[in-house]
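Engineer: sequence first, predicted model second:
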Amino acid sequence: MKLEIVCAGIGGRGVLLASTILIEAAIASGHNAIASDEYGMSQRGGSVVSLVKVGDFKSPLIGRERAHIILAFEESEFYRNIAMLKREGIALVNTQRKTLPDAIYSLAQERALACYLVDADRIAKEKGMIQAANMALLGFFAFLSIEPYTRENVERTIKKRVSEKLLEKNLEIFQAGYMGAKEVLS
Amino acid sequence: MKVLAEVMMGNYAIARGLVEAGIQVAAAYPGTPSSEILPGIIEFKRREKCAIHTEWSVNERCAMEVAYGAAIAGKKAACMMKQVGLNVAFPALLRGMHKTIKGALVVVSCDDPGPQSSQTEQDTRLLATLFYIPVFDPASPEEAADIAYCALKYSFEHKTPVILRSTHRVSHARQAVPLYPPGTRKVTLHEGINHQSPLANRQSRIMALGIVASGMTYSIAMDVLQDIGISDIVPIYKVVQFSPITGHQSPVTLRGSSTPGLQAFLDSVDNVLVLEETDAVIEALIDRGKKALGRRNGYVPKEGELTYDVVKGVIERAMEKAGIEKKSFVPDSRIEEAMKTVAVKPRPPKLCAGCSHRSSFYAMRYAFPDAIFPGDIGCYTLGTLQGAVDTCIDMGSGVTLASGFYNTFHQDGKVPPILASVGDSTFFHACLPPLYDAVTTNKKFILVIMDNGTTAMTGMQPTPQTGITADGTHTRSITIENVLKGFGIGFVKVIDPYDIPLMIQTIKEAYDYLTTHQSPVTSHRSPITNHHSPAVIIARRECLLNARGRVKKMVEDLPIERDCIGCKGCIKFFGCPAITFDEERRKVVVDDGICVMCGMCLIVCNMMRQKKGSSKF
């Protein structure tokens, strides 16, 4: 199995935590995985991309049109990284939009992309912690159960990685994201 | 024995390898991408209950010499820094080659291809091979742990300092790394021809194209060969270690290049593509003329990171040269077409929302828009975006360049306002020697020390003022104002940069102080003056990232969206990342997820300044 995932967003909004959870959940379920993060300058409110590759890879870098999945924690960062997504790739985008802009919609059709627009900010805000919008998107992602990810192994990893003080809220938002996906998709 | 593994970043893996190999002294100065190694050593020394002396030194030279001193005295020591930090530490390293150590000395120097967080793409291997210092170049976090372990042992056995060169993609990649009890790590360095490679079993066959690679570029090349389906026809030779070989024609060589391994490999291919970061080191050492495809003949870009796509492009070109037919990857141009229609917000790195540096820069620029602004290295280099940083050369150059500018203009008779900025960690790292000169030769410039109580850019390491050591224990604090007092500087003000009006006023006062206290023209013969230049302002407020969880809202209401008339003044001169401009509505929009309610934008808002807004000050 080979899975290449791009986590894209802006500094300080939980991109790194999301990719940490994805690599650790994959390894915990017995797969090889390697991730690449950005530190330093890019953490200062700029665009942040964190890459996760699950399977028999040597490097953590992902090339153009090779990613199976993009988790975009911010809408602009989705467009910025859309060239990384392969044909038939899957995108989860945190946005208030109900539909994609026309040209992107046609592109998604032509390239057979599955794009899910998730208002993760709203979900997190309703639970009183907008900073944890990453958890809502991860919840939605967990519902898709793309191998090796399941609701259980993602949730288990969140419990390991999120500090005790913030855990309850984070899990609540994760579950709300999961339920949101369930409502829309089943 | 079941070996435990833990997911960790490359820098922690290096730390793990060093701790398992029995390191006794570790000193470092933080610098991306090397900063997490020392914290890693502290973490593993705690877990393994080892006696290791760890310290954040005030700069790289101190770190190098602390470790070097320990190595002379028989300890196993290491120092850690980024590639440009190695320049600061170089004098001791050069002396170190002469077999003066009794213990071990590993110098970890992390390169920054791109560069992403540095001024240059300097290649540590180039400097090391120039001076016959052995270098190890890991290709992944897992290998970095093994190599760190081997490097310390190698240094101890050969009584020579060695360099472990990492790059940011190794240092900041994460992978499951096996953990062994100290002293028991099982290491096999995978050097040479990969066992999956077509040449591994058929040495004699001549192939059209072979690749020699090291470090992360090797890992990327392996993935690219797999992904485009040519790993069965293009063999790859991996270089891990560059070592000096006595009596060899070239004093530094690749391990294996004098043995049949690499020579046979090079002889068995018609073309050899050399993939390495960041300079042409292997390429120069193997010296295969036209047969070698690399940086020297333009096959590999001379600058910039070798990303997956770059490596893929290079390999495709090399295949073409070697006459290997394979359908090249054609990017789908429809993606770019569609992208043209959506507005992607430009997102250059910015100071955090609520960062007090932003207020300082705003005040500096507001007080003297036409000043010369020598800057320095740290988060606050981002003051360029506010037009309040003109130069950024190296650490400490904020002060030295200010002196240079002052001399120049003074000589020509007309001195404009000069407003230099440096951070608190930089002040201790490299600003004291230039400040001695600035004081003794009476340089009239204003130095703003942006004191946020930490080394923020690299991840919150303490400074000599913090009163905390690397492992969190308390120690004496050396305050900046006490140091300045020792210099006899007459104008020293400590203010909170959140008070922007006071900051502006203080900068103007400092300028008046420098210009109205007319002193005799200084020369080497008459250095006596009636006041003491330069003027120093300490802009002190704790870094928001450091104060996380303790940050209080400064305002309850933020009416900036409501009052906005679309002048974009705050975007242009303040540039808070929480504020973006909605072109459709012609108004600013505040991102609640980032905003910390510091209210600074209200002070700079034109509406508020004209007292037309809903907030009054």
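Structural biologist: It's in.

Engineer: please make it C-alpha for all contacts and neighbour counts, starting now.
Structural biologist: Noted.

Engineer: for B:I449, grab phi and psi.
Structural biologist: Recorded main-chain torsions at B:I449 are phi -90, psi 110, according to degrees, to the nearest 10.

Engineer: and the host helix or strand of B:E320, which residues are buried?
Structural biologist: Counting by DSSP states H and E, the secondary-structure element that holds B:E320 is helix B:308-322. Of the residues in helix B:308-322, those buried under the neighbour-count criterion (16 or more other Cα atoms under 10 Å in any protein chain shown) are B:308-319, B:322.

Engineer: which of those residues sit farthest apart?
Structural biologist: Looking at the buried residues of helix B:308-322 by Cα to Cα, the two members farthest from one another are B:Y308 and B:A322, with 20.8 Å of separation.

Engineer: hmm, the helix holding B:E320 touching chain A?
Structural biologist: Yes - with Cα under 8 Å from any Cα of the partner chain as the threshold, helix B:308-322 lies in contact with chain A, specifically through B:308-309.

Engineer: in the following helix or strand past that helix, what's buried?
Structural biologist: Beyond helix B:308-322 in the direction of the C-terminus, DSSP H and E gives the next helix or strand as helix B:334-340. Judged by neighbour count (16+ other Cα under 10 Å), helix B:334-340 contains these buried residues: B:334-335, B:338-339.

Engineer: can you lay out these as a markdown table showing distance to B:G114 and pLDDT?
Structural biologist: Converted to a markdown table, those look like this (distance: Cα to Cα, whole Å; pLDDT from 0 to 100):
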| residue | distance to B:G114 | pLDDT |
| --- | --- | --- |
| B:R334 | 28 | 96 |
| B:I335 | 25 | 96 |
| B:A338 | 28 | 95 |
| B:M339 | 25 | 93 |
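
Engineer: and of these, the nearest to chain A?
Structural biologist: Of all the buried residues of helix B:334-340, B:A338 has the smallest distance to chain A: 5.1 Å, by Cα to the nearest Cα.

Engineer: out of all of them, which helix in chain A is the longest?
Structural biologist: With DSSP state H applied, the helix covering the greatest number of residues in chain A is identified as helix A:164-185.

Engineer: right, is that one up against chain B?
Structural biologist: No - for helix A:164-185, no contact with chain B is found by Cα under 8 Å from any Cα; the gap never falls below 11.5 Å.

Engineer: in contact with A:R87, which residues?
Structural biologist: Residues counted as contacts of A:R87 (Cα atoms under 8 Å, 6 or more residues apart in numbering or on different chains) are A:65, A:111-113.

Engineer: what's the separation between B:F427 and chain A?
Structural biologist: With distances taken as Cα to the nearest Cα, to the nearest Å, B:F427 is found 20 Å from chain A.

Engineer: would you mind measuring from the residue positioned nearest the centre of chain A to A:K53?
Structural biologist: Using Cα atoms, centre = their mean, the residue of chain A that lies closest to the mean C-alpha position is A:L71, 3.0 Å off. Distance from A:L71 to A:K53, counting by Cα to Cα, to the nearest Å: 13 Å.

Engineer: any common contacting residues for the two?
Structural biologist: Contact criterion Cα under 8 Å, 6+ apart; residues shared by A:L71 and A:K53: A:I5.

Engineer: picking that back up, as CSV, the buried residues of helix B:308-322 with pLDDT would be great.
Structural biologist: What follows is the buried residues of helix B:308-322, written out as CSV (pLDDT from 0 to 100):
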residue, pLDDT
B:Y308, 97
B:D309, 97
B:V310, 98
B:V311, 98
B:K312, 97
B:G313, 96
B:V314, 97
B:I315, 97
B:E316, 96
B:R317, 96
B:A318, 96
B:M319, 96
B:A322, 94
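
Engineer: okay, and for the chain, where does confidence drop off?
Structural biologist: Looking at chain A here, since you left the chain open. Along chain A, the parts satisfying pLDDT under 70 run over A:39-45.

Engineer: nope, chain B please
Structural biologist: Along chain B, segments meeting pLDDT under 70 span B:1-2, B:96-99, B:195-205, B:244-260, B:517-531, B:613-617.

Engineer: one more time with 50, if that's ok
Structural biologist: Residue ranges of chain B with pLDDT under 50: B:246-251, B:258, B:520-529, B:617.

Engineer: and it, what are its domain boundaries?
Structural biologist: According to automatic domain parsing, chain B is divided into the following domains: B:4-179, B:194-322, B:356-517+B:527-540, B:560-609.

Engineer: so which of the ones you listed comes closest to A:L117?
Structural biologist: Evaluated over the domains of chain B, closeness to A:L117 peaks at domain B:560-609, with 18.7 Å, by Cα to Cα.

Engineer: and that closest one, how far from the chain's centre?
Structural biologist: On the basis of Cα atoms, centre = their mean, to the nearest Å, the separation between the geometric centre of domain B:560-609 and that of its chain is 31 Å.

Engineer: start and end of that domain, how far apart?
Structural biologist: The first and last residues of domain B:560-609 sit 12 Å apart, counting by Cα to Cα.
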